[in-house]
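*Asks:* sequence plus the predicted model coming up.
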Amino acid sequence: MGLLFEDGNFHLFAQGFLSTVELSALSALFALLLGIVLAAFRVSPVPVLRAFGTGWVTVFRNTPLTLLFFAATFVLPRLDVHISSFTAAVAALSAYTGSFVCEVLRSGINTVPLGQAEAARSLGMNFGQTLGLVVLPQAARAVIAPMGSVFIALPRNSAIAGAFNVSELFSVQKTLTEKGYDIFAIFFWLALAYLVISFAVGAVFGTLERRAAVAR
């Protein structure tokens, strides 16, 4: 168990941990923004936008995340789109997670009574105002718990980035394994690190859920 404190391993492990946190945080931010836009498209009165939202969710929810990483890392350069491995990882995670965020938000939107939207329209609000000022705030309170599950899974999904030249937490195990350390000790520390991240994310959403309950 002392491998973490030998030969600069702690520095290597800390770098991987912080890289995973950064990768997860950026991906969560972009996934949330993308999910909100896609959810708006899915409930939009414009058929083209509904079709786009439905198509995006159908494709990305049913595509293996590893394949999305492969496309972002190797296919984009062939299309003359050159980005760093880290940016490609953020793009793949955001596109994948954003589709789940969209569906969680859409389920929350469906829980808001139709009369709320009708009342907003009767006051002269357009679709964007009704969605942003009336429907989404109520829907957000209803989906905090399932949204938390989506974002708790994101750091674990980010482990795939290590196979695509991104230095993050899971890629540390390859370096430590090559140094000859016991594989069980390595995975003990990795599991503990992912547990810390997941616990922190869960605590944030638990706090939000309690505050939303009081707000009701």
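*Replies:* In hand now; what should we look at? For clarity, every value in this text was computed on a predicted model and none was experimentally measured.
*Asks:* which stretches of the chain form strands?
*Replies:* For the chain, applying DSSP state E gives no strands.
*Asks:* how about low-confidence regions in it?
*Replies:* Residue ranges of the chain with pLDDT under 70: 1-7, 213-216.
*Asks:* quick one, what contacts F86?
*Replies:* Counting by C-beta atoms under 8 Å, 6 or more residues apart in numbering, F86 makes contact with L23, A161, V166. Every C-beta, even on glycine, is put in place using the N, C-alpha and C of the backbone.
*Asks:* turn those into a markdown table, columns for distance to A31 and neighbour count.
*Replies:* As requested, the contacts of F86 are exported to a markdown table (distance: C-beta to C-beta, whole Å; neighbours: other C-beta atoms under 10 Å):
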| residue | distance to A31 | neighbour count |
| --- | --- | --- |
| L23 | 12 | 23 |
| A161 | 15 | 29 |
| V166 | 17 | 24 |
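*Asks:* restricted to helices, list the residues you listed.
*Replies:* Among the contacts of F86, DSSP state H puts L23 in helices.
*Asks:* for F151, state which of the contacts of F86 is nearest.
*Replies:* Proximity of those to F151 was ranked by C-beta to C-beta; the top entry is L23 with 13.0 Å.
*Asks:* ok, that closest one - contacts?
*Replies:* If you count contacts by C-beta under 8 Å, 6+ apart, L23 has them with F86, A89, V90, L93, S158, A161, V166, E168.
*Asks:* which of those residues lies closest to N9?
*Replies:* E168 (15.8 Å).
*Asks:* that closest one - how many residues pack around it?
*Replies:* Residues near E168, counting by other C-beta atoms under 10 Å, number 24.
*Asks:* for the one 10 residues further on, same thing?
*Replies:* Neighbour count of E178, defined by other C-beta under 10 Å: 8.
*Asks:* and R210, by the same measure?
*Replies:* Applying other C-beta under 10 Å, we find 11 residues neighbouring R210.
*Asks:* for S158, same thing?
*Replies:* 28.
*Asks:* check contacts around it.
*Replies:* Counting by C-beta under 8 Å, 6+ apart, S158 makes contact with T20, L23, S24, S27, A89, L93, E168, L169, F170.
*Asks:* skipping its backbone neighbours, what lies nearest the third one in space?
*Replies:* Spelled out, it's S24. P155 (4.4 Å; C-beta to C-beta, 6 or more residues apart in numbering).
*Asks:* mind checking which of the contacts of L23 land in helices?
*Replies:* Those of these lying in helices (DSSP H): F86, A89, V90, L93.
*Asks:* the second one: neighbouring residues, count only.
*Replies:* Under the neighbour criterion other C-beta under 10 Å, A89 is assigned a count of 27.
*Asks:* ok, it touching F69?
*Replies:* Yes. Here A89 reaches F69: they are 6.8 Å apart, a contact under C-beta atoms under 8 Å.
*Asks:* shared neighbours of these two, anything?
*Replies:* In contact with both A89 and F69: A161, F164, using C-beta under 8 Å, 6+ apart.
*Asks:* just name the closest of the ones in helices among the contacts of L23 to L33, please.
*Replies:* Closest to L33 out of the ones in helices among the contacts of L23 is V90 (12.3 Å), distances taken as C-beta to C-beta.
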